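Chemist: Compute the structure for the input listed below.
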Amino acid sequence: MRAGLAAPTAGTAAGFTQANMVSVPADWAYDMLLFCQRNPKPCPVLDVTDAGSWRTVLADAADLRTDLPRYRVWEHGEIVAEPTDVLAHWRGDLVTFLLGCSFTFEWALLAAGVPLRHVEQGRNVPMYVTDRQCRSAGRLSGPMVVSMRPVPAGRLTAAVTRSAMMPSVHGDPVHIGDPAALGIADLARPDFGDPVDAEPGDVPVFWACGVTPQAALTASRPPFALTHAPGRMFVTDTRDEQYRVA
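Modeler: Prediction:
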């Protein structure tokens, strides 16, 4: 990333945990912490920084202002820039939340024989805004976002059990099958990421997604925030087995 790679991070850094990022002004931090606590499936907290700090225990030498492939800068719920660093936008009152990412358990899926169509096709994972509302917290509210992976019917059990072993990076799926059950009208038109071609016999499987706080930013319109760009994650120094519970 420091050399300028701005591509999605799925399929990179095998064995290392990846994380979503959202930074909010300190006077919004309690609302964000409460939002994550009340919605642990899409927003599993791995670390919360002190105000103004760009350091994290997840990677001691990392700089959260420069070490993600791409960022989003938010003002009043609108995206105003998508730079590859946020040095010019950083503020001393920002509290940063690092949330678990499903890219972390993808290596376990592969080891269990579950193919990753988006990686095979060189695309970002597709993500969708659902009609399931998160539990609100203070001034923050919004819908849950999910990622989708087409899984061969014969590998569904492996996909569920392997991801369930890692609840801190979203755990088991929230839905399998008909996307309409989540209010998703067309899998070919994701809200974030790229559409992915399914193979015959594949079944769509949906996991809660750490882009959910970005949907809350859109709905709740805080004055300022920074986030990662969907699919372009913070790759930590923390091994994925640390978050495996079985």
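Chemist: Look up how far Arg155 lies from the residue sitting furthest away from the middle of the chain.
Modeler: Here the chain has its C-alpha centre computed as a mean, and the residue farthest from that point, by CA atoms, centre = their mean, is Pro200 with 27.5 Å. According to CB to CB, to the nearest Å, Pro200 and Arg155 sit 14 Å apart. All C-beta spots, glycine's among them, are computed from the backbone N, C-alpha and C.
Chemist: Check Ser168 too.
Modeler: Ser168 is 23 Å from Arg155, by CB to CB.
Chemist: ok, now Gly201?
Modeler: For Gly201, the distance to Arg155 equals 10 Å [CB to CB].
Chemist: in this protein, which spans are strands?
Modeler: Taking DSSP state E to define them, one finds strands in the chain at 16-25, 45-48, 71-75, 78-81, 94-100, 127-133, 143-152, 175-176, 202-208, 225-228, 234-239.
Chemist: I'd like to know which of those strands is closest to His118.
Modeler: Taking CB to CB as the measure, these were each checked against His118, and strand 143-152 came out nearest at 7.0 Å.
Chemist: for the residue farthest from the centre of the chain, phi and psi?
Modeler: In this entry, Pro200 is assigned phi and psi values of phi -50, psi 130 (degrees, to the nearest 10).
Chemist: can you count the residues close to Asp191?
Modeler: By other CB atoms under 10 Å, 17 other residues sit near Asp191.
Chemist: Kindly provide the distance from Asp194 to Val119.
Modeler: Remark: distance between Asp194 and Val119 (CB to CB) = 11 Å.
Chemist: So the two - more neighbours on which side?
Modeler: The residue with the greater number of neighbours, taking Asp194 and Val119 and applying other CB under 10 Å, is Val119; the counts read 19 against 15.
Chemist: Hmm, that one is touching Ala10, no?
Modeler: Yes. Because the distance of 5.5 Å satisfies CB atoms under 8 Å, Val119 is recorded as touching Ala10.
Chemist: where do the contact lists of these two overlap?
Modeler: Common neighbours of Val119 and Ala10, using CB atoms under 8 Å, 6 or more residues apart in numbering, are Glu106.
Chemist: how about low-confidence regions in the protein?
Modeler: Residues of the chain that meet the criterion pLDDT under 70 lie in 1-4.
Chemist: So for it, the centremost residue is which one?
Modeler: When CA atoms, centre = their mean is applied to the chain, the residue found nearest the centroid is Gly210 (3.0 Å).
Chemist: For it, list the residues it contacts.
Modeler: Listed by CB under 8 Å, 6+ apart, the contact partners of Gly210 are Ala19, Asn20, Pro42, Cys43, Pro44, Leu99, Gly100, Cys101, Ser102, His170.
Chemist: What of Thr17?
Modeler: Residues counted as contacts of Thr17 (CB under 8 Å, 6+ apart) are Leu46, Leu58, Gly100, Cys101, Thr104, Val169, Thr236, Thr238, Arg239, Asp240, Gln242, Tyr243.
Chemist: Please apply the same query to Gly15.
Modeler: When contacts are counted by CB under 8 Å, 6+ apart, Gly15 touches Trp107, Arg239, Asp240, Glu241.
Chemist: Neighbour count added to the residues you listed, as JSON lines?
Modeler: Rendered in JSON lines, the data for these read as follows (neighbours: other CB atoms under 10 Å):
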{"residue": "Trp107", "neighbour count": "17"}
{"residue": "Arg239", "neighbour count": "12"}
{"residue": "Asp240", "neighbour count": "22"}
{"residue": "Glu241", "neighbour count": "11"}
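Chemist: on that earlier part again, can you give me the distance of the residue farthest from the centre of the chain to Arg55?
Modeler: Computed with CB to CB, the distance linking Pro200 and Arg55 is 48 Å.
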